[in-house]
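Trainee: Here's a sequence, model it:
(chains A, B, C and D, ligands or ions: 6)
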Amino acid sequence: MADMRVNIAGVEFKNPVITASGTFGYGREYEHFFPLSKLGGISTKGTTAEKRNGNLAPRIAETPSGILNSVGLQNPGIDKFIKVELPNLKSKDTVIIANIAGFSIEEYAKICEKLDGTNVDMIEINISCPNVKHGGAAFGTSCQSAAEVTKAVRASTKKPIIIKLSPNVTDITEIARAVEAEGADAVSLINTLLGMRIDINSRRPILKNNVGGLSGAAVFPVALRMVWQTANAVKIPVIGMGGISTWEDGIEMMLAGASAIQVGAALFKNPFAAVEIIDGMNDYLDRKGIKSVNEIVKKVQPW
Amino acid sequence: MADMRVNIAGVEFKNPVITASGTFGYGREYEHFFPLSKLGGISTKGTTAEKRNGNLAPRIAETPSGILNSVGLQNPGIDKFIKVELPNLKSKDTVIIANIAGFSIEEYAKICEKLDGTNVDMIEINISCPNVKHGGAAFGTSCQSAAEVTKAVRASTKKPIIIKLSPNVTDITEIARAVEAEGADAVSLINTLLGMRIDINSRRPILKNNVGGLSGAAVFPVALRMVWQTANAVKIPVIGMGGISTWEDGIEMMLAGASAIQVGAALFKNPFAAVEIIDGMNDYLDRKGIKSVNEIVKKVQPW
Amino acid sequence: MKYMQGKYPIIASTTLAREIYDFTVCCPKIARAAEPGQFVTIAADGFPLRRPVSLCGIDKENGTIRLVFEVRGKGTKEISRLREGDMIDIIAPLGRGFRLKDYKTAILVGGGIGTPPMVPLAKIYGENCVAISGFRSAANVILQEDFKASGAKTVLCTDDGTMGRKGFVTAALREEIEIKKPDVIFACGPSPMIKGVVDIANEYGIPSQISLEERMGCGIGACLVCACRTVRNGEEFYAHVCQDGPVFESKDVIF
Amino acid sequence: MKYMQGKYPIIASTTLAREIYDFTVCCPKIARAAEPGQFVTIAADGFPLRRPVSLCGIDKENGTIRLVFEVRGKGTKEISRLREGDMIDIIAPLGRGFRLKDYKTAILVGGGIGTPPMVPLAKIYGENCVAISGFRSAANVILQEDFKASGAKTVLCTDDGTMGRKGFVTAALREEIEIKKPDVIFACGPSPMIKGVVDIANEYGIPSQISLEERMGCGIGACLVCACRTVRNGEEFYAHVCQDGPVFESKDVIF
Ligand SMILES: Cc1cc2nc3c(=O)[nH]c(=O)nc-3n(C[C@H](O)[C@H](O)[C@H](O)COP(=O)(O)OP(=O)(O)OC[C@H]3O[C@@H](n4cnc5c(N)ncnc54)[C@H](O)[C@@H]3O)c2cc1C
Ligand SMILES: Cc1cc2nc3c(=O)[nH]c(=O)nc-3n(C[C@H](O)[C@H](O)[C@H](O)COP(=O)(O)OP(=O)(O)OC[C@H]3O[C@@H](n4cnc5c(N)ncnc54)[C@H](O)[C@@H]3O)c2cc1C
Ligand SMILES: Cc1cc2nc3c(=O)[nH]c(=O)nc-3n(C[C@H](O)[C@H](O)[C@H](O)COP(=O)(O)O)c2cc1C
Ligand SMILES: Cc1cc2nc3c(=O)[nH]c(=O)nc-3n(C[C@H](O)[C@H](O)[C@H](O)COP(=O)(O)O)c2cc1C
Ligand code: FES
Ligand code: FES
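Mentor: Residues are numbered from 1 along each chain as shown, chains lettered A, B, ... in the order given. Ligands and ions are numbered 1, 2, ... in the order given. Model prediction:
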């Protein structure tokens, strides 16, 4: 049994595997499959200041080894999250990361202020949601706006802050450096790649939102590259995600430079994906005689 | 039998299916499977001013529904192309597109000048190769440098010019508009998405170049979205590619706004992919009672 | 247990019509927990998303469930390759089924591949229900023997009149209501049919429940992709087909 | 015909050792055109790239070829699921094989899963060759009966001495050369072995040909991914394993 604990910005995780925001709700559904205490952490469904219904369905389309989603941040609003969901989640013996999104810098700051008074462990700031018209991704695609959001949330809470980056940019390391400079405690990446599918009979996009975010195994090589680049560009920890489906993927992602990983779309096919990844990574470390999972972080040797 | 002919910048193709640069060499190898005259066109292996050996192997890695390559523009140089390969290709009764790449704006211009005196049908300017250190992708990731290359090649040849765009950018429509403004006759997209894979036993990147370009079915939804956005942003024709593997993909791509399509990585698994796509698209048009393939271009109806 | 994931043996497999498959799966725990109107999601080799399929039969005694599905695209094609003796990877039972409350008599309306979820209802209501099914043509007709065996009055319609009566289920529904007004109407099928059924039910003031389809991710209510516009507490609310449905009271649904 | 793609029946299938499979495929046209040292690429369901596998047998009379491969990763695992009677999707024959020129006597050196391409050579050279094979351990030994049946002097080495002589093939090679210097040495196996064999061949001034491996895309010379550093006309040139190889004259290869 290898030591699977990792520490991100002062928060200890019992293992490096976190379920990704938006794929795991507020934890209530997957609990029917396994105790949530098995997980390193849970990043909750992206929550906004007010409750939102999100986009019209269909909100999902299948692609080769991937999926497109266009949920559009359906959520009950931050107050209900704090009152109803957080107390339940906090009883589950796993790290709780509140994933939040805003439509203005003020909204981001306001939500963080509200969370500051709670016992949530960390806040993940989504500046990369491709599925809402205003805000969302817009903040994540320029250094300036990414830095501004970071500055505002930094000022409004003492909780450790993770900025979640968009892959739909020319140079993700620039954005990572910009948010690091404004006091982000960690970055997480990647959010989804903007994509599309069309029904060739109806000639309509399959998603009612026309476009959606691509995730799942298909994006893994892009995510891995971005995590490697980012881990080499910033000093703060990098949380890697995007297409992780097997324990081998988890090892690859940590070798590339991720201090912890998130698992999302893979859960849809295999609800046990995250727990199987924890077990598989642990077995790998044992087989290789590696004592702590921290020893593999960023240990890829480039040619 | 539907009318499959398309016309791009004054050049008539017998059908809209072109084999993608770098996956089809100079046409000699696939000829053992089928006559090249079946194809709408051939985009030849990226050719530079001088001959190049390219990167060290391994130059390919498999990913879920995709592949990474890091060939790095191995080619015999433009003079040999013009002397040996072009005469052979021009005897094959299909449109020949010379795909070229340079390491300076002068090199791009010089190659185009040389091609101007030949009977090549079109020139595809690759400003998006992610596999060479200097130049290549760098030109394709800023509007300014993309525009400069376009301006230079436009001045050096009367041949129709296709600018091949990189998907590794925040906003591909900006780049497309910039090259349109400088006189590009068409744009083609997407080139490969930068990605990476790591061998978890050796802890080494699988590619000797560390990173490589992702293509194949995995990228199709991203390519489709970018083609749709670009077709809505420029007036010049858009040639769509990226992950097209079946005739259904071909139809989707044309509905999204492509006036012609290219097929690359799919050939590796199925050498007949391009010809099967031609047949399948033709059957679809017949079944739907559509007389000409041009009638479906950009006919997606967004919600 | 609410729902579970596992690989279970297919103990019988037949085809009911061209490209319509009928699997009997042995999974006692699931069968015990399952209710009419609920569904399963089936993993298809090589595809990232599971395919939702309704329960066409729940045999609690023998510990089996029955799945009847049509090959529509690549995923169902892959699933159709499974044979007797193979294991099928499912998550079940999922969603909220039909709410029988104290409805004594019912009319069941199934259209095309929407017919399967009506079978368990027919088994429960027996003579106290009328099972109306509609299909495009004789070649597409399925499950009529099952309805008859349950004791239900069985009415078959085909669009082209090649079997049963010619015409849509809505005409038959109107007739059956005129003969005897039921306590409730349960329906599943293509959207235009559902809409037609609900309009008639409303006209006659009969409560109706409908089983809806939507593209799914997780199938359990976590990913929120399977939204369905409903009214809850007087406000518009996007419910989720996999968790709040697939069966909804039609009065709650915004069409 | 240079090479072709098709689905051909597997008419016999066995396992030679743990996770080492042996398929006989009926494809008369391919068998007719094939030469020792050439290879095929096999499509694996669900994987975008074909897997290259050497010809372990070419039976022009019966129109069959033989493929012996080890399960290394997910693609070969998928291919190993094929059974007698199934169709296998291959492109063949590919690459340049061994150049026998007028070499009268040969030593064949095969290491591990590099042994299969030596079998057709042994069949040609018969008593005029020595077939040296090396494996990690007794459990990994394959194809020794085939070498014996061809009439070749058959030398078996295992790293741990659990079968045949203990030690690497290089020691055995040196001994066999000392006994009788061959006209040529043919080798296939892991890189360190190949390097060792070539060094010895050079030492004794014996021409040697080696079969190399590289990750492949198209398999036919079009995509240029399978580069191998060679010298051509005195200049460094990146040749391609799938087209210029897999067999190279070792003097042309830059190690
Ligand atoms: C609650 C529920 C119960 C169902 N019960 C049955 C049943 O008993 N028998 C039956 O034959 N069919 C049933 N369906 C429809 C069935 O799920 C689809 O026909 C099937 O998912 C299509 O998959 P495919 O691989 O054939 O098509 P593809 O086009 O390859 O599917 C691509 C994606 O779209 C989804 N999709 C496509 N059509 C539908 C649809 N109509 N509803 C939901 N998702 C869809 C697929 O699940 C997949 O994720 C049900 C659907 C739902 C939501
Ligand atoms: C010319 C040639 C002849 C060969 N002959 C044989 C043979 O007769 N018997 C046999 O068992 N093996 C042979 N190999 C090796 C065999 O191709 C690999 O073991 C196999 O491709 C691994 O695939 P996988 O799905 O098991 O592994 P994965 O790791 O899933 O493969 C991932 C990708 O890497 C490629 N790859 C991985 N290892 C190798 C390798 N060593 N060489 C080339 N590509 C690789 C795969 O083809 C695939 O594209 C030969 C290779 C070459 C190039
Ligand atoms: C259905 C769905 C909903 C998502 N919602 C959110 C969200 O609310 N906030 C967020 O930051 N990311 C969201 N994401 C992105 C994921 O958290 C993750 O970044 C992405 O899916 C890549 O990981 P994966 O390939 O493992 O799914 C969502 C993804 C999916 C598939
Ligand atoms: C092995 C390989 C080599 C390539 N070489 C070139 C090249 O020389 N020039 C170029 O413009 N694109 C090159 N490409 C990119 C393709 O032309 C195409 O843009 C990309 O692969 C996406 O299409 P696909 O998914 O159909 O392969 C190459 C792609 C591959 C796989
Ligand atoms: S499919 Fe995930 S919430 Fe319904
Ligand atoms: S694999 Fe394509 S050139 Fe060798």
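Trainee: In contact with residue 18: list those residues for me.
Mentor: Answering for chain A, as no chain was given. Residues near residue A:18 by Cβ atoms under 8 Å, 6 or more residues apart in numbering or on different chains: A:39-43, A:95, A:97, A:239, A:260-263. For every residue, glycine as well, the C-beta is placed using N, CA and C.
Trainee: should've been chain C
Mentor: C:139-140 are the contacts of residue C:18 under Cβ under 8 Å, 6+ apart.
Trainee: Next one, pLDDT for it please.
Mentor: Reading off the confidence values, residue C:18 has pLDDT 93.
Trainee: Tell me how far it lies from ligand 1.
Mentor: Distance of residue C:18 to ligand 1, given as Cβ to the nearest ligand atom, to the nearest Å: 13 Å.
Trainee: on that earlier part again, can I get the contacts of residue A:18 in TSV with secondary structure?
Mentor: Listed next are the contacts of residue A:18 as TSV, based on DSSP: H, G, I helix; E, B strand; the rest coil:
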residue	secondary structure
A:39	coil
A:40	coil
A:41	strand
A:42	strand
A:43	strand
A:95	strand
A:97	strand
A:239	strand
A:260	strand
A:261	strand
A:262	strand
A:263	strand
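Trainee: near ligand 6 too, which of those residues?
Mentor: Counting by Cβ under 6 Å from any ligand atom, nothing from the contacts of residue A:18 sits close to ligand 6.
Trainee: need the longest helix for chain A.
Mentor: Ranked by residue count, the top helix of chain A under DSSP state H comes out as helix A:273-288.
Trainee: Tell me which residues of that one come out buried.
Mentor: Neighbour counts using 16 or more other Cβ atoms under 10 Å in any protein chain shown place A:273-278, A:280-282, A:284-285 of helix A:273-288 among the buried residues.
Trainee: Please name every helix or strand in contact with it.
Mentor: When contacts are defined as 3 or more Cβ pairs under 8 Å, 6 or more residues apart in numbering or on different chains; DSSP states H and E, helix A:273-288 packs onto strand A:17-19, helix A:247-256, strand A:260-263, helix A:266-269.
Trainee: and that helix, C-alpha only, in PDB?
Mentor: What follows is helix A:273-288, C-alpha atoms only, in PDB (Å, rounded to 0.1, in the frame of the first residue of the first chain):
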ATOM      1  CA  ALA A 273     -13.900   4.700 -13.000                       C
ATOM      2  CA  ALA A 274     -12.500   7.000 -10.300                       C
ATOM      3  CA  VAL A 275     -12.200   4.300  -7.600                       C
ATOM      4  CA  GLU A 276     -10.700   1.800 -10.100                       C
ATOM      5  CA  ILE A 277      -8.200   4.500 -11.000                       C
ATOM      6  CA  ILE A 278      -7.200   5.000  -7.300                       C
ATOM      7  CA  ASP A 279      -6.700   1.200  -6.900                       C
ATOM      8  CA  GLY A 280      -4.800   0.800 -10.200                       C
ATOM      9  CA  MET A 281      -2.500   3.700  -9.500                       C
ATOM     10  CA  ASN A 282      -1.800   2.300  -6.000                       C
ATOM     11  CA  ASP A 283      -1.000  -1.200  -7.500                       C
ATOM     12  CA  TYR A 284       1.300   0.400 -10.000                       C
ATOM     13  CA  LEU A 285       3.300   2.200  -7.300                       C
ATOM     14  CA  ASP A 286       3.500  -1.000  -5.300                       C
ATOM     15  CA  ARG A 287       4.700  -3.000  -8.200                       C
ATOM     16  CA  LYS A 288       7.400  -0.400  -9.000                       C
END
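Trainee: Check the offset of it from the chain's centre.
Mentor: The chain centre lies 20 Å from the centre of helix A:273-288; the measure is Cα atoms, centre = their mean, to the nearest Å.
Trainee: So that helix, near ligand 3 or not?
Mentor: No. Under the criterion of Cβ under 6 Å from any ligand atom, ligand 3 is not reached by helix A:273-288; the shortest gap measures 8.8 Å.
Trainee: re the thing from before, Throw the helices and strands packed on helix A:273-288 into a markdown table and include mean pLDDT, thanks.
Mentor: Formatted as a markdown table, these follow (pLDDT from 0 to 100):
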| stretch | mean pLDDT |
| --- | --- |
| strand A:17-19 | 98 |
| helix A:247-256 | 98 |
| strand A:260-263 | 98 |
| helix A:266-269 | 98 |
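Trainee: quick one: which of those is nearest residue C:11?
Mentor: When the helices and strands packed on helix A:273-288 are compared by Cβ to Cβ, helix A:266-269 sits nearest residue C:11, at 24.2 Å.
Trainee: Now do the buried residues in that closest one.
Mentor: So, applying 16+ other Cβ under 10 Å, buried residues of helix A:266-269: A:266-269.
Trainee: now stretch A:141-150
Mentor: A:141-143, A:145-150.
Trainee: Kindly reformat the contacts of residue A:18 as TSV containing distance to chain D.
Mentor: Shown next, in TSV, are those (distance: Cβ to the nearest Cβ, whole Å):
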residue	distance to chain D
A:39	27
A:40	27
A:41	29
A:42	30
A:43	29
A:95	33
A:97	33
A:239	27
A:260	26
A:261	21
A:262	24
A:263	19
